[in-house]
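1. could you look at this predicted model? Sequence included:
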Protein chains: 2
Amino acid sequence: MTDATDATAAPVVARRSQKVTSGSGRPRSERARTAVLDAVTALLDEVGYQHLTVEAVAVRAGVGRTTVYRWWPTKAALIIEALATTLPRVTVGITDDGRRDLRAVLDRMARAECGPSMAETLPALAAEARREPDTAARLTGLLGPRRAADTAVLLAAAARGDIPLHVDVSLLLDIALGTLLWRRLRGEEPTAAALDALTDLLVGSA
Amino acid sequence: MTDATDATAAPVVARRSQKVTSGSGRPRSERARTAVLDAVTALLDEVGYQHLTVEAVAVRAGVGRTTVYRWWPTKAALIIEALATTLPRVTVGITDDGRRDLRAVLDRMARAECGPSMAETLPALAAEARREPDTAARLTGLLGPRRAADTAVLLAAAARGDIPLHVDVSLLLDIALGTLLWRRLRGEEPTAAALDALTDLLVGSA
């Protein structure tokens, strides 16, 4: 079951790296795409979601704004694809210790979905998704497989009794993501001690 | 202790209502301020934080953009003052039932800090606060007294043993706010059942 979700989670990355290694250099449009996505990643880090503009992305990538809009209809679509290429992969890690598996999920969330620039980006994308069906579909494509993998880990832990059997797995995952996002937004680093405390609370031993 | 934090939480409201009732109508600048703040509230609801512009606020309020910037240096400052006038008040409600008091805190959060347009607004303001010291100070002025009141409620519950004595109250409050914000962002209404489940988990009975 390990890595089962990776193929759906990052299809674009896979296709791109094949092209890179399969011929005598990437086609020009492929180079431009990579430059644009790299520019998005850099700007999210430097100025944040609110202050990132498609104009600034185009300038930094050395392409025209029309080129960007030809491939991505909106700022949100552009950012979601950039995230698909940079977010750490999700694996379904099921060992014989459900608490440790949950702790590993929190650890990855803290680095990936709730990483420094993500705490601003993810809520902004979710808000945009509620206004724009196209953005909603793209965001589900990005987060859905990750959520499925995490759900599998928690269901396995519940089946073994490492977390209460009747627990609402969906609530636990919302608590984990919501808490880590909000703390990061308030400038709090997710220390090991903080992740341990959150794990304790989620497994009901608080 | 009841209502002890209200005076600091919404000083602007208090001052404004005194003016309204104390003389023969509000001065012109006061009417303009109210019109601007009303326009902010309406636009947050209609277009959301990301798409709200100071320009649109000025147009809707019937004032010049310069007027808006004379009173509020940034979009964030403007929005924070609008929230100070519209967010439901916070009271310190301590009864003989700590679980019920915590449930009441969650109930208010679901309506106030995590209300429909707030799920986008609050994370965006928090992100801006990390870039802008002035915004950080204003946001602390808005949220600090609310947090203090909620902390008092949870400390009282812990002192009575209704929630575990050794619990990290700050973590519980971050979980409550973070989870409710994230669920609202994903379009989930905070139903009574969902608030009950979250309360159970926070009091350690999950």
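-> That came in fine, so what should we check first? Numbering: from 1, shown residues only, chains lettered A, B, ... in the order given.
2. right, quick check: stretch A:68-80 against chain B, any contact?
-> No. Applying C-beta under 8 Å from any C-beta of the partner chain, one finds stretch A:68-80 separated from chain B by no less than 9.3 Å. For the C-beta atoms, the positions are set from N, CA and C on the backbone; glycine is no exception.
3. please identify the buried residues of that stretch?
-> A:68, A:72, A:75-80 (16 or more other C-beta atoms under 10 Å in any protein chain shown).
4. likewise for stretch A:142-161?
-> A:142-143, A:145-147, A:149-154, A:156-158.
5. which residues touch it?
-> A:1, A:4-5, A:8-9, A:80, A:83-84, A:87, A:90-94, A:96, A:98-99, A:101-102, A:104-105, A:113, A:163-165, A:167, A:169-170, A:172-173 (C-beta atoms under 8 Å, 6 or more residues apart in numbering or on different chains).
6. tabulate the CA atom coordinates of that stretch in PDB.
-> Provided in PDB are the C-alpha atoms of stretch A:142-161 (Å, rounded to 0.1, in the frame of the first residue of the first chain):
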ATOM      1  CA  LEU A 142      -4.100  18.300  -4.900                       C
ATOM      2  CA  LEU A 143      -5.400  17.500  -1.400                       C
ATOM      3  CA  GLY A 144      -7.800  14.600  -2.000                       C
ATOM      4  CA  PRO A 145      -5.100  11.900  -2.400                       C
ATOM      5  CA  ARG A 146      -3.200  13.200   0.600                       C
ATOM      6  CA  ARG A 147      -6.300  13.100   2.700                       C
ATOM      7  CA  ALA A 148      -7.100   9.600   1.500                       C
ATOM      8  CA  ALA A 149      -3.600   8.400   2.600                       C
ATOM      9  CA  ASP A 150      -3.900  10.000   6.000                       C
ATOM     10  CA  THR A 151      -7.400   8.600   6.500                       C
ATOM     11  CA  ALA A 152      -6.000   5.100   5.800                       C
ATOM     12  CA  VAL A 153      -3.300   5.600   8.500                       C
ATOM     13  CA  LEU A 154      -5.800   6.700  11.100                       C
ATOM     14  CA  LEU A 155      -8.400   3.900  10.200                       C
ATOM     15  CA  ALA A 156      -5.600   1.300  10.600                       C
ATOM     16  CA  ALA A 157      -4.700   2.800  14.000                       C
ATOM     17  CA  ALA A 158      -8.400   2.800  15.100                       C
ATOM     18  CA  ALA A 159      -8.800  -0.800  13.900                       C
ATOM     19  CA  ARG A 160      -5.900  -1.800  16.200                       C
ATOM     20  CA  GLY A 161      -7.300   0.200  19.100                       C
END
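7. and the helix or strand containing A:Leu201, what does it pack onto?
-> Using DSSP states H and E, A:Leu201 sits within helix A:192-202. When contacts are defined as 3 or more C-beta pairs under 8 Å, 6 or more residues apart in numbering or on different chains; DSSP states H and E, helix A:192-202 sits against helix A:98-111, helix A:169-185, helix B:169-185, helix B:192-202.
8. one more pass at 7 Å, please.
-> With contacts defined as 3 or more C-beta pairs under 7 Å, 6 or more residues apart in numbering or on different chains; DSSP states H and E, the packing partners of helix A:192-202 are helix A:98-111, helix A:169-185.
9. so what touches the longest one?
-> What that stands for is helix A:169-185. A:106, A:109-110, A:113-114, A:116, A:119-120, A:122-123, A:147, A:150-151, A:154-155, A:158, A:190, A:198, A:202, B:123, B:126-127, B:174-175, B:177-179, B:181-183, B:197-198 (C-beta atoms under 7 Å, 6 or more residues apart in numbering or on different chains).
10. point out the residues in chain A that sit beside chain B.
-> Residues of chain A lying close to chain B (C-beta under 7 Å from any C-beta of the partner chain) are A:48, A:50, A:120, A:123-124, A:126-128, A:130-131, A:164, A:167-168, A:171, A:174-175, A:177-179, A:181-183, A:185-187, A:197-198, A:204, A:206.
11. before we move on, back to that, which one of the buried residues of stretch A:68-80 is nearest B:Val36?
-> A:Lys75 (27.3 Å; C-beta to C-beta).
12. phi, psi of the closest one?
-> phi -60, psi -40 (degrees, to the nearest 10).
13. so what's it closest to, chain neighbours aside?
-> A:Val54 (5.6 Å; C-beta to C-beta, 6 or more residues apart in numbering or on different chains).
14. again with A:Arg186
-> B:Ala126 (6.0 Å).
15. likewise for A:Ala32?
-> Nearest to A:Ala32 is A:Val63, by C-beta to C-beta, 6+ apart, at 5.2 Å.
16. let's verify the one you found: helix, strand, or coil?
-> Following DSSP: H, G, I helix; E, B strand; the rest coil, A:Val63 is assigned to coil.
17. what about it, neighbour count?
-> By other C-beta atoms under 10 Å in any protein chain shown, 20 other residues sit near A:Val63.
18. kindly report the same for A:Ala39.
-> When neighbours are counted by other C-beta under 10 Å, A:Ala39 registers 22.
19. would you confirm that it contacts A:Arg60?
-> Yes. In this structure, A:Ala39 is within contact of A:Arg60 by C-beta atoms under 7 Å, at 4.0 Å.
20. name the residues contacting each of these two.
-> Joint contacts of A:Ala39 and A:Arg60 (C-beta under 7 Å, 6+ apart) do not exist.
21. which stretch of helix or strand covers the residue nearest to A:Arg186?
-> helix B:118-131.
22. residues making contact with that helix?
-> A:48, A:50, A:120, A:123-124, A:127, A:185-187, B:44, B:48-49, B:76, B:79-80, B:113, B:135-136, B:139, B:181, B:184-185.
23. and the next helix or strand past that helix?
-> helix B:133-159.
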